[in-house]
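Student: fold the following for me, if possible:
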Amino acid sequence: RTIPMTALMDTVTMRHAKDSEPRAAVAALLRHADEAVRQQGVELLRALPDLSLYGTVLECAHLAPPEVPRDLLFGRNLSGANLRGAVLAHTDLRGACLVGANLRRVDLRGADLRGADLRNADLQGAWLHTTDLRGADLRGARIRPPRFAIWRYDSETKLPERFYLATGSFVKRGGLIQKK
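Tutor: Numbers count the residues shown, from 1 in each chain. Next up, the predicted model:
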């Protein structure tokens, strides 16, 4: 059954959020264990393309395709958001703002983070295998990926000042890879 968006918004705000902010309602739906309820959150987020998810708690949320559209978080503001343990594999996060976000143990395998702002984000234990980080800003980020993580980056990618790679190499200022 299809629920009109205004009725859905009213219901979601009353039932799933402690306050009347739409972002809290969307976050509550996206974290829900029931797939049908998560889909309501997806529809609500799609209906509100300019909605910022700044500071929201999406811990352990499953936000990966095919259940969630690949581009749902494209360019979104997720600064300070808690996404710890979330599944974001193969999502399109191009241009997303994730400044200071908690991305510990997040599954980002195959995600597209080109041009994303990840300054001061906590990526410790995040699965970054085949993640595209070209042009992303990772300055100040805390990164300790599992071994054998392979990701794409380029000369535009801004890496932390001293970034240790599993291969025994490290990156210095300027993004130059140098052997130990």
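Student: can you classify Ala28 by secondary structure?
Tutor: helix (DSSP: H, G, I helix; E, B strand; the rest coil).
Student: okay, now it: neighbour count?
Tutor: The tally of other residues near Ala28 (other CB atoms under 10 Å) stands at 20. The way it works is simple: take the backbone N, C-alpha and C, and place the C-beta from them, glycine included.
Student: could we number from 144 for the rest of this?
Tutor: Shifting the count to begin at 144 puts that one at Ala171.
Student: check it and give its pLDDT.
Tutor: pLDDT recorded at Ala171 is 91.
Student: share the number of residues neighbouring Ala176, please.
Tutor: Count around Ala176 with other CB under 10 Å applied: 8.
Student: where does pLDDT dip in the protein?
Tutor: For the chain, the stretches with pLDDT under 70 are 144-163, 288-292, 305-323.
Student: and with 90 instead?
Tutor: Applying pLDDT under 90 to the chain picks out residues 144-168, 175-178, 192-193, 203-211, 271-272, 286-298, 302-323.
Student: which residue ranges form the strands in this structure?
Tutor: In the chain, the segments counted as strands under DSSP state E are 265-267, 285-287, 306-307, 312-315, 319-322.
Student: okay, now the sheet partners of the second one, with direction.
Tutor: Strand pairing for strand 285-287, determined by DSSP bridges: strand 265-267 (parallel).
Student: can you list the buried residues in the strand it pairs with?
Tutor: For strand 265-267, the neighbour count (16 or more other CB atoms under 10 Å) marks 265-266 as buried.
Student: for stretch 275-292, same thing?
Tutor: Under the neighbour-count criterion of 16+ other CB under 10 Å, stretch 275-292 has 275-281, 284, 286, 288, 292 buried.
Student: so which of those residues is the closest to Val249?
Tutor: Pro288 (10.7 Å; CB to CB).
Student: picking that back up, which one of the buried residues of stretch 275-292 sits closest to Thr234?
Tutor: Proximity of the buried residues of stretch 275-292 to Thr234 (CB to CB) peaks at Asp275, which lies at 11.2 Å.
Student: I figured the closest one hits Leu251, correct?
Tutor: No. Using CB atoms under 8 Å, Asp275 is not in contact with Leu251; the gap is 9.8 Å.
Student: who are the neighbours in contact with Leu256?
Tutor: Counting by CB atoms under 8 Å, 6 or more residues apart in numbering, Leu256 touches 236-237, 239, 274-276, 279.
Student: quick one, helices of the chain?
Tutor: Using DSSP state H, the helices found in the chain span residues 148-159, 165-174, 178-190.
Student: mind listing what's buried in the longest one?
Tutor: This points to helix 178-190. By neighbour count with 16+ other CB under 10 Å, helix 178-190 contains the buried residues 180-181, 183-188.
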